[in-house]
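1. Sequence and computational prediction follow.
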Amino acid sequence: MALSVLQLKKRYVCGSIAFIWIVVPTFEITLTVLTTDIVEGTCAYVAIHDNRAIAKTVGVIAYTLSYLLPLALMLFFYGRVVRALRSKVFVS
């Protein structure tokens, strides 16, 4: 059975939202668990990195997945809504 274009668009929207809400927090939690340690009785967040380049790379990935990707998706979807509304509303 072939999917209509509307059903396919709904799948893309739901898939991107699911990615943001499932994959990104999983990455963040894994990152926190692997790089946090107790140092002199206090919790040192992002304390364990053997290489500074690895720390920067992980930081860039976390920033991109947590901030830039959701922002880009929101801008894209709101742009689509504005374009659809603009084509249906007659400006007098």
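-> Great, that's in hand. Please read these numbers as outputs of a predicted model, since none were measured by experiment.
2. okay, CA-based contacts and neighbour counts for the rest of this
-> Will do.
3. Okay, buried residues for stretch 16-30 please.
-> 20, 24, 28 (16 or more other C-alpha atoms under 10 Å).
4. Quick one: residues in contact with it.
-> Outside of stretch 16-30, the residues that reach it under the criterion C-alpha atoms under 8 Å, 6 or more residues apart in numbering are 62, 65-66, 70, 73.
5. In helices only, show me the residues you listed.
-> Assignment to helices by DSSP state H places the following of these there: 62, 70, 73.
6. Which residue lies closest in space to the first one, excluding its sequence neighbours?
-> The reference is to Ala62. If the residues on either side of it in the chain are set aside, Ala62 comes closest to Glu28, at 7.0 Å by C-alpha to C-alpha, 6 or more residues apart in numbering.
7. Please tell me how far the helix or strand containing the one you found is from the chain's geometric centre.
-> In the assignment (DSSP states H and E), Glu28 maps to helix 24-35. A distance of 13 Å separates the C-alpha centroid of helix 24-35 from that of its chain, computed with C-alpha atoms, centre = their mean, to the nearest Å.
8. that older thread, of the contacts of stretch 16-30, buried ones?
-> In terms of neighbour count (16+ other C-alpha under 10 Å), the buried residues within those are 62, 65-66, 70.
9. so how far does stretch 34-51 reach from one end to the other?
-> Start to finish, the residues bounding stretch 34-51 are 14 Å apart (C-alpha to C-alpha, to the nearest Å).
10. Now do the strands in the chain.
-> Under the criterion DSSP state E, the chain contains strands at 37-39, 42-44.
11. Could you dump those into JSON lines with distance to Gly79 and mean pLDDT added?
-> Converted to JSON lines, these look like this (distance: least, C-alpha to C-alpha, whole Å; pLDDT from 0 to 100):
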{"stretch": "strand 37-39", "distance to Gly79": "43", "mean pLDDT": "76"}
{"stretch": "strand 42-44", "distance to Gly79": "41", "mean pLDDT": "75"}
